[in-house]
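Student: heads up, no residue letters with this:
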């Protein structure tokens, strides 16, 4: 059944609907039934999908489904009266619609025609979609309906899996769980993992007695007593006391802090906090404070840049963008802001790595820009956060538990004044690093894209709330209203997005794996014994993209190294340090030396931020645009070939272990069948080409996006395919 999710009910439907597929012809259109449920809109058809030979399968969403929380705008059209109306919740529709256009937050545009449908039925389904996609109350989101059914019917499961928890493996043999940082023990393990011996887990906020926007447990300097923390908390905005994020092996700590609102007490409290952080450092090093509000774009600027990017990629007619594509892209400022975050984070990496000082990220409330900056710094410094489980734990620690306002920033309740795509910008920044150092990350760009999509599915509690306290408060109220007995539980237990088995089969989850990733160690066999092969730090990266174009004989040109005299870090003006010419040169020398050396994939990685190095994330922003699709092209072709090679290597290793262990081949055939690659080599002699279904939008289906007329063969399509030479008008005319 297309409506198999527990708690999902059909609200309205209309038959004889035509879903438009191609832009300039109706021959590929599909006929079927348009259905609105309390979870999604669904188009049910028996017609085969044209122009498509592959589509990965989401177990929660069908091929033509759109989650209600992914809908951004609904437009109804009447051709006869030449009218159109943007539908809001509880609005009336005075004309019978002949067409419905749905604009999605992931840049999709879906279009339906009601030429053969009943006019009243078409109107009702449009109004239903508008109403259910724009709820005014948090408890009206589908996740509450789902967990209510789970608690009333505990034997039921979604896709055969129990909800909640940190999720299992995603196709790896380890099956490692993602820590959720909801308990004391998770934080304690992170302290031990990073060697932060002078820090402790604090439970002063247990039951959210101090601050409702902080987690119940967090890490503070051991020298700070609970009584002092309670006293200091009144001086911080939102009572958000300083939060420890991470410790460098040299003892430097990364700390997040909200602004101190009490002006009279500001200097005294600030000094005491900094002294406590200093005492936590083995060298008693100074503390470096970075005011993020002064040196990074604010959330309103980021939202404006995202709107311009969407307008450019989706809404603008091709004729108006073709000749000024690059300048229009620059004018969005999206890539400029990505460069700012990467640059500033790298400069703070320098402070921790080279100057051996602790860094405090200060922001007004400490729950927006600091989420992004703290996460980027840790991705650059700690290879654990470049693994799948590590990256998920990072998001859980620095975003979910630290109080990033997913409900408001993702605009689940259509309060657009608080919307800002900060989480998307973080994923884009990580993609930039992945693009520059592909062998340093365990996950693929498909994983990052699907993770972004999952934030738009209203089933998972991970990306649904503004803070952990809101989840407990709202779910407890909901449980009382539905007569659900919680027992000792703190609120309802929502499904966790890290349990990827709720969305994908084990086979499809293999797409998350990066075939270029080089783990910290790999087993090898010598004289019949399995030993560990440790790679030397002198080994060069396996990718040419990590070598800058200006690198000649180990020397980088003045234009290529990261900092400049007008670097953002010079504007921070920390209290403990007067920036001088020699200190500026010290930073420049650090980056110069780092880029001149071979890349240690298991150490620090730094971004290249020149104009050509920061790119547009095509898979995320262009995947639904049919005109931008490159059949048998794009980065997926390299992904496919490397996957086959990696699978062959894995196969050889398994065969070698099988041979050395003197076991029967039949006895361990299950091990031989194991593969971490989605694309597999059929045999060691397999030389087959790429599958027919590969395109630059893989694994997504770029159909149904009707924002433009066809641009195939035009300069923009050539640019999207990576061509460096623009075609002349005469060449285009000949191709037509």
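Tutor: Cool, got the structure. As the structure is a computational prediction, the values presented were derived from the model and not from experiment.
Student: Could you look up the next helix or strand downstream of the host helix or strand of residue 390?
Tutor: In this structure, residue 390 sits in helix 388-395 according to DSSP states H and E. Counting by DSSP H and E, the next helix or strand C-terminal to helix 388-395 is helix 406-409.
Student: For the helix or strand that that next one is followed by, could you pull out the residues that count as buried?
Tutor: Next in sequence after helix 406-409, counting helices and strands by DSSP H and E, comes helix 422-436. Buried residues in helix 422-436, counted by 16 or more other C-beta atoms under 10 Å: 422-436. (Glycine included, C-beta is placed from N, CA and C.)
Student: Equivalent analysis for stretch 68-83, please.
Tutor: In stretch 68-83, the ones that count as buried by 16+ other C-beta under 10 Å are 68-78.
Student: Pick the one among those residues closest to residue 325.
Tutor: Taking C-beta to C-beta as the measure, residue 325 lies nearest residue 72 of the buried residues of stretch 68-83, at 23.4 Å.
Student: Over to the closest one. Which of the three states is it?
Tutor: Look at residue 72: counting by DSSP: H, G, I helix; E, B strand; the rest coil, its state is strand.
Student: Next, the contact list for it, please.
Tutor: Contacts of residue 72 were listed using C-beta atoms under 8 Å, 6 or more residues apart in numbering, and they are 103-105.
Student: Filter the residues you listed down to the ones in strands?
Tutor: Among the contacts of residue 72, the members found in strands (DSSP state E) are 103-104.
Student: quick one on the thing from earlier: show me which of the buried residues of stretch 68-83 is closest to residue 201.
Tutor: Once C-beta to C-beta is applied, the member of the buried residues of stretch 68-83 that ends up nearest residue 201 is residue 69, at 34.2 Å.
Student: could you measure the closest one against residue 487, distance?
Tutor: 30 Å (C-beta to C-beta, to the nearest Å).
Student: just checking, what packs against the helix holding residue 390?
Tutor: helix 369-381 (3 or more C-beta pairs under 8 Å, 6 or more residues apart in numbering; DSSP states H and E).
Student: What's the mean pLDDT across the helix it packs on?
Tutor: Helix 369-381 shows an average pLDDT of 99 in the prediction.
Student: before we move on, what about stretch 197-213?
Tutor: 96.
Student: May I see the buried residues of it?
Tutor: 198-202, 204-205, 208, 210-213.
Student: what's in contact with that stretch?
Tutor: 184, 187-188, 191, 214-223, 226, 229-230, 233, 238-241, 244, 247, 253, 279-282, 365, 367, 403, 466-470, 472.
Student: Any quick PyMOL command for the buried ones out of these?
Tutor: Those of the contacts of stretch 197-213 that count as buried under 16+ other C-beta under 10 Å are selected in PyMOL with:
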select buried, resi 187+191+214+215+216+217+218+219+220+221+223+229+233+238+239+240+241+244+247+253+280+281+365+367+403+466+467+468+469+470+472
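Student: Looking at the contacts of stretch 197-213, which are in helices?
Tutor: 184, 187-188, 191, 226, 229-230, 233, 279, 468-470, 472 (DSSP state H).
Student: follow-up on the earlier one: could you export the buried residues of stretch 197-213 as CSV, including distance to residue 137 and secondary structure?
Tutor: Formatted as CSV, those follow (distance: C-beta to C-beta, whole Å; DSSP: H, G, I helix; E, B strand; the rest coil):
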residue, distance to residue 137, secondary structure
198, 45, coil
199, 40, strand
200, 39, strand
201, 35, strand
202, 34, strand
204, 32, coil
205, 27, coil
208, 21, helix
210, 27, coil
211, 24, coil
212, 19, coil
213, 20, coil
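Student: quick one: which of those residues is nearest to residue 357?
Tutor: Within the buried residues of stretch 197-213, proximity to residue 357 (C-beta to C-beta) peaks at residue 198, which comes in at 14.9 Å.
Student: Could you measure from the closest one over to residue 516?
Tutor: For residue 198, the distance to residue 516 - C-beta to C-beta - is 38 Å.
Student: Also residue 143?
Tutor: 36 Å.
Student: Settle it for me: which of those two has more neighbours?
Tutor: Taking neighbours as other C-beta atoms under 10 Å, residue 143 and residue 516 compare with residue 143 leading, 27 against 23.
Student: what packs against whichever strand or helix holds that one?
Tutor: Secondary structure from DSSP H and E places residue 143 in helix 142-152. Taking 3+ C-beta pairs under 8 Å, 6+ apart as contact, the helices and strands that helix 142-152 lies on are helix 468-481.
Student: What's the mean pLDDT across the helix it packs on?
Tutor: For helix 468-481, the per-residue pLDDT averages 96.
Student: where's it relative to the chain centroid, distance-wise?
Tutor: Helix 468-481 sits 26 Å away from the centroid of its parent chain (C-alpha atoms, centre = their mean, to the nearest Å).
Student: now swap in stretch 282-292 and tell me
Tutor: 29 Å.
Student: Now do the buried residues in it.
Tutor: 285-292.
Student: how long is it from one end to the other?
Tutor: For stretch 282-292, the first-to-last residue distance is 27 Å (C-alpha to C-alpha, to the nearest Å).
Student: what comes into contact with that stretch?
Tutor: With C-beta under 8 Å, 6+ apart as the criterion, stretch 282-292 contacts 198, 250-252, 274, 277-278, 344, 348, 351, 355-363, 369-370, 373, 572, 574-577.
Student: Residue 370: what's it in contact with?
Tutor: 256, 292, 361-363, 402.
Student: quick one, strands of the stretch 451-600 of the chain?
Tutor: Here the stretch 451-600 of the chain has its strands, by DSSP state E, counting those that start in this stretch, at 521-526, 529-534.
Student: Confidence-wise, which of those strands is weakest overall?
Tutor: The weakest mean pLDDT among these belongs to strand 529-534, with a mean of 38.
Student: State which strand of this structure is the longest.
Tutor: strand 10-19.
Student: Can you tell me the strand partners of the helix or strand that it is followed by and which way each runs?
Tutor: Going down the chain from strand 10-19, the next helix or strand is strand 30-37, by DSSP H and E. Next to strand 30-37 in the sheet, as set by DSSP bridges, lie strand 10-19 (antiparallel), strand 40-44 (antiparallel).
Student: Contacts made by the first one with the rest, please.
Tutor: So the one you mean is strand 10-19. 3, 26, 29-38, 43, 45, 64, 110-118, 121-122, 124-125, 128-129, 132, 704.
Student: Would you write a PyMOL line that selects the buried entries of those?
Tutor: Command for PyMOL, covering only those of those found buried under the criterion 16+ other C-beta under 10 Å:
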select buried, resi 3+29+30+32+33+34+35+36+37+38+43+45+64+110+111+112+113+114+117+121+122+124+125+128+129+132+704
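Student: Just name the most buried of the strands paired with strand 30-37.
Tutor: Of all the strands paired with strand 30-37, strand 40-44 carries the top mean neighbour count, a mean of 23, counting by mean count of other C-beta atoms under 10 Å.
Student: just to revisit the earlier point, would a markdown table of the buried residues of stretch 197-213 with distance to residue 263 be doable?
Tutor: Listed next are the buried residues of stretch 197-213 as a markdown table, based on distance: C-beta to C-beta, whole Å:
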| residue | distance to residue 263 |
| --- | --- |
| 198 | 30 |
| 199 | 29 |
| 200 | 30 |
| 201 | 31 |
| 202 | 26 |
| 204 | 25 |
| 205 | 25 |
| 208 | 27 |
| 210 | 22 |
| 211 | 20 |
| 212 | 24 |
| 213 | 22 |
